[in-house]
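Novice: coordinates only, sequence not included:
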């Protein structure tokens, strides 16, 4: 009965959004004022998502020691209104500001056993200044809560946390860093940034992180670029797990391990060939991390090889990817655990698998992925994904809290201490995207995950983990 009511709610929400769009197609209803000098406009983003899961975490949660339902359905929703003001001082100088909030909610019990919860939080609140010294050279600075993504989002993208007490676990509507300062310079197609960032963390899981760094990149086009980022964690209370000696025993947890972490991230993409192979593309990401204070040296990266067929029916794109993140070697005194920091965790970006990304963060995992994308109609896209997931190091922590969250049991953080077989899971995902109008989007998907031998040997019995969702989003 609750499931039927949920479907009715989603259909009603879809109708409301569609009617709203029809009445506003001729002009932006949120453009309140505009003249040659000033512009005042509103922003609005809202969505509703129906989610169903069966045999959560391959049914590992449905054990006698845990009071946990492995089958659940819930509705999550969010509303993100905002207002922005732009003032053109003259033809070369511009001042702007933006403020927005997020209200999110979960109705029912989600995958991490959070039920009927939500919060209203500040999202963006910043002021910025842009100036052009010439047609080739410009300068930009902005201070306050804002979004910032570096490169492909391997380390720096998601500046805020959703889910748990804030609700909207799957949507993840919060993106802006709580405190941020940015200096940016552009010379033709060369861009450089210098930044300070402090994430908007969950109050129940705030480890007081702050970062500084820089990024320089050259974008010949959106599909041809190269860049390098440097990141330094200047303060943090986040702990790291270290494998027990020789992998025998529970991991050792050290509070405040992230502080003083340094990271370099190289990212690039290009179409290296011409003529018949002009639609073949290659992507490369690599990161190296070090922290002399705790004797840490870790690494991670990804290669992507794909081909677009724009002249073929449905305009398919096929791609193979391989990504790997080092795990701690139980036979060394040092620490080799890769820290994924604030990566963009969608299946189209840096998640390790579809279902499995709710369990494994990008540390001590490697994954082979195949993707097929088909534009069956101008506004309808179907994407198929398969991911084969393995551990990088045996007998070494493969997870540090579900969804990268530090969970405590009797005051001790929960850590999976390692596996004897590297095969963790195989994930399958089919996704449908429809652009109803330029402001309304429908997204639906079905996914399943089969536990590998590394997981099935930990417990007596595993089950096929499946999930489905359908959501509608309006964005002005």
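Specialist: Yep, it's here. These numbers come from a predicted model, not from an experiment.

Novice: As a check, name the ranges of all strands in the stretch 301-450 of the chain.
Specialist: 317-325, 365-377, 380-391, 399-400, 408-409, 412-413, 415-416, 423-435, 440-451 (DSSP state E, counting those that start in this stretch).

Novice: err, the stretch 1-150 of the chain, not the other one
Specialist: Using DSSP E, counting those that start in this stretch, the strands of the stretch 1-150 of the chain run over 31-34, 38-54, 72-90, 93-109, 115-132, 137-145.

Novice: Burial check on the closest residue to residue 89 other than its chain neighbours, number of neighbours?
Specialist: Excluding the flanking residues, the one nearest residue 89 by C-beta to C-beta, 6 or more residues apart in numbering is residue 95, at 6.2 Å. The way it works is simple: take the backbone N, C-alpha and C, and place the C-beta from them, glycine included. Residues contacting residue 95 under the criterion other C-beta atoms under 10 Å number 15.

Novice: what's residue 95 in contact with, if anything?
Specialist: Counting by C-beta atoms under 8 Å, 6 or more residues apart in numbering, residue 95 touches 86-87, 89, 127-129.

Novice: Kindly reformat those residues as a markdown table containing neighbour count.
Specialist: Formatted as a markdown table, those follow (neighbours: other C-beta atoms under 10 Å):
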| residue | neighbour count |
| --- | --- |
| 86 | 17 |
| 87 | 13 |
| 89 | 12 |
| 127 | 15 |
| 128 | 18 |
| 129 | 14 |
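
Novice: show me the contacts for the nearest residue to residue 280 once chain neighbours are set aside.
Specialist: Closest residue in space to residue 280, ignoring its immediate chain neighbours: residue 307 at 5.0 Å, by C-beta to C-beta, 6+ apart. For residue 307, the contact set (C-beta under 8 Å, 6+ apart) comprises 279-281, 317-319.

Novice: One more: residue 364?
Specialist: So residue 364 contacts 325-328, 337-338, 391-393, 396-398 (C-beta under 8 Å, 6+ apart).

Novice: rerun at 6 Å
Specialist: Listed by C-beta atoms under 6 Å, 6 or more residues apart in numbering, the contact partners of residue 364 are 327, 391-393, 396, 398.

Novice: Next up, phi/psi of residue 277, please.
Specialist: phi -110, psi 20 (degrees, to the nearest 10).

Novice: re the thing from before, of the contacts of residue 307, keep whichever come out buried.
Specialist: With burial judged by 16 or more other C-beta atoms under 10 Å, the buried subset of the contacts of residue 307 is 281, 317, 319.

Novice: for the stretch 151-300 of the chain, what spans make up the strands?
Specialist: In the stretch 151-300 of the chain, the segments counted as strands under DSSP E, counting those that start in this stretch are 179-187, 190-198, 210-221, 224-235, 240-242, 252-254, 262-270, 280-291, 296-308.

Novice: most neighbours per residue, which of the ones you listed?
Specialist: Neighbour counts (mean count of other C-beta atoms under 10 Å) averaged over each of those peak at strand 240-242, with a mean of 25.

Novice: Need the contacts of residue 364 in a markdown table (columns: pLDDT).
Specialist: Output for the contacts of residue 364, formatted as a markdown table (pLDDT from 0 to 100):
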| residue | pLDDT |
| --- | --- |
| 327 | 95 |
| 391 | 95 |
| 392 | 96 |
| 393 | 95 |
| 396 | 92 |
| 398 | 85 |
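
Novice: how near is residue 169 to residue 163?
Specialist: Distance, residue 169 to residue 163, by C-beta to C-beta, to the nearest Å: 4 Å.

Novice: Same list (the strands of the stretch 1-150 of the chain) but as JSON lines, adding mean pLDDT and distance to residue 354.
Specialist: Converted to JSON lines, these look like this (pLDDT from 0 to 100; distance: least, C-beta to C-beta, whole Å):
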{"stretch": "strand 31-34", "mean pLDDT": "94", "distance to residue 354": "38"}
{"stretch": "strand 38-54", "mean pLDDT": "97", "distance to residue 354": "12"}
{"stretch": "strand 72-90", "mean pLDDT": "97", "distance to residue 354": "17"}
{"stretch": "strand 93-109", "mean pLDDT": "97", "distance to residue 354": "20"}
{"stretch": "strand 115-132", "mean pLDDT": "97", "distance to residue 354": "24"}
{"stretch": "strand 137-145", "mean pLDDT": "98", "distance to residue 354": "30"}
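
Novice: right, and the ones you listed - which one's nearest residue 375?
Specialist: Set against residue 375 and scored by C-beta to C-beta, the strands of the stretch 1-150 of the chain come closest in strand 38-54, at 22.8 Å.

Novice: Return the set of buried residues in that closest one.
Specialist: Neighbour counts using 16+ other C-beta under 10 Å place 39, 41, 43-54 of strand 38-54 among the buried residues.

Novice: cool, stretch 245-257 as well?
Specialist: Neighbour counts using 16+ other C-beta under 10 Å place 247, 251-253, 256-257 of stretch 245-257 among the buried residues.

Novice: sorry, back to before: which stretch in the strands of the stretch 151-300 of the chain has the least confidence?
Specialist: Across those, the stretch with the lowest average pLDDT is strand 252-254; it has a mean of 87.

Novice: pretty sure residue 211 contacts residue 196?
Specialist: No. Residue 211 is not in contact with residue 196 according to C-beta atoms under 6 Å; the separation is 7.3 Å.

Novice: one step back: biggest separation within the buried residues of stretch 245-257, which pair?
Specialist: The span of these, defined through C-beta to C-beta, is set by 247 and 256 at 24.2 Å.

Novice: Tabulate the strands of the stretch 151-300 of the chain (CSV), appending distance to residue 102.
Specialist: Putting these into CSV (distance: least, C-beta to C-beta, whole Å) gives the following:
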stretch, distance to residue 102
strand 179-187, 16
strand 190-198, 17
strand 210-221, 22
strand 224-235, 25
strand 240-242, 30
strand 252-254, 32
strand 262-270, 28
strand 280-291, 29
strand 296-308, 30
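
Novice: give the contact list for the spatially closest residue to residue 306 that is not a sequence neighbour.
Specialist: Of all residues not flanking residue 306 in the chain, residue 319 sits nearest, at 3.3 Å (C-beta to C-beta, 6+ apart). Neighbouring residues of residue 319 by C-beta under 6 Å, 6+ apart: 304, 306, 371.

Novice: Tell me the spacing between residue 319 and residue 286.
Specialist: Using C-beta to C-beta, residue 319 is found at 18 Å from residue 286.

Novice: Now do stretch 468-476: everything it contacts.
Specialist: Applying C-beta under 6 Å, 6+ apart, the external contacts of stretch 468-476 come out as 13-14, 17, 30, 44-52, 439-446.

Novice: again, only using 8 Å
Specialist: Contact with stretch 468-476 is made by 10, 13-14, 17, 20-21, 28-30, 42-52, 170-171, 439-447, as judged by C-beta under 8 Å, 6+ apart.

Novice: All set, thanks.
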